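>>> Show me the folded form of this:
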Amino acid sequence: MNLLSIRIITADIERLIKFYEHITGFSLIQYTPDFAELRTATATLAIGSIRTLQFFGGDDIAQPQQNRSIIIEFKVEDVDKEYERLSAYLQGSIVQKPTIMPWGNKSLLFRDPDGNLVNFFTPVTPEATVRSEGK
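Residues are numbered from 1 along each chain as shown. I've put the predicted structure just below:
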């Protein structure tokens, strides 16, 4: 079994597409007006509009802007450079400036426009580097 994708359900898909394109520097693939994906080498971040919920059984299956338990994490080459690049854009959305965590990652934590937590991190200890390479 492999984890392939995480999906965010949103009431404003265009806003989230633009946000994730801006922070990652990648273009999302928008398959329909209601569904887009950001594909990376290891996983996919999918974004679906609330209209896609009808295919899963109805509007009550998921609620946009209600997440308080998931952190969407991106490994980046240099979290300090990413902070410099994005700090003005993320004004008011930064939860934690780059900080070394007890498990060896330097982490920048912020919220996307729907309130989902996003973590850009760089492994800074040998143990964290090995762990992030899946070895």
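>>> Quickly list the domain ranges of the chain.
As given by automatic domain parsing, the domain ranges for the chain are 1-58, 68-135.
>>> how far does the first one stretch from start to finish?
One end of domain 1-58 sits 27 Å from the other (CA to CA, to the nearest Å).
>>> how about residue 80, phi and psi?
Residue 80 has phi and psi values of phi -70, psi -40 when expressed as degrees, to the nearest 10.
>>> so it makes contact with residue 107?
No - applying CB atoms under 8 Å, one finds residue 80 not in contact with residue 107, separated by 11.2 Å. The C-beta positions use only the backbone N, C-alpha and C, and glycine is treated the same way.
>>> neighbour-wise, which of those two wins?
Neighbours were counted for residue 80 and for residue 107 using other CB atoms under 10 Å; residue 107 has more, 20 against 13.
>>> so that one touches residue 96, yeah?
Yes - at 6.8 Å, residue 107 and residue 96 qualify as touching, with contact defined as CB under 8 Å.
>>> Residue 112: neighbour count?
Residue 112: 21 surrounding residues under other CB under 10 Å.
>>> can you pull the contacts of it?
8, 16, 19, 20, 72, 93, 118 (CB atoms under 8 Å, 6 or more residues apart in numbering).
>>> And the furthest pair within these?
Greatest spacing in the contacts of residue 112, by CB to CB: 8 and 93 (15.4 Å).
>>> Give me the more crowded residue out of the two.
Here residue 8 and residue 93 are compared on neighbour count by other CB under 10 Å; more neighbours surround residue 8, at 21 against 15.
>>> ok, the closest residue to that one other than its chain neighbours to residue 80 distance?
Leaving out its chain neighbours, the residue that sits closest to residue 8 by CB to CB, 6 or more residues apart in numbering is residue 47, at 5.1 Å. Separation of residue 47 from residue 80 (CB to CB, to the nearest Å): 28 Å.
>>> With residue 55 instead?
Residue 55 sits 42 Å away from residue 80 when distances are taken as CB to CB.
>>> Could I get the buried residue list for stretch 31-39?
Using 16 or more other CB atoms under 10 Å as the test for burial, stretch 31-39 gives 34, 35, 36, 37, 38.
>>> ignore the last one, stretch 22-32
Quick answer for stretch 22-32 (16+ other CB under 10 Å): 23, 24, 28.
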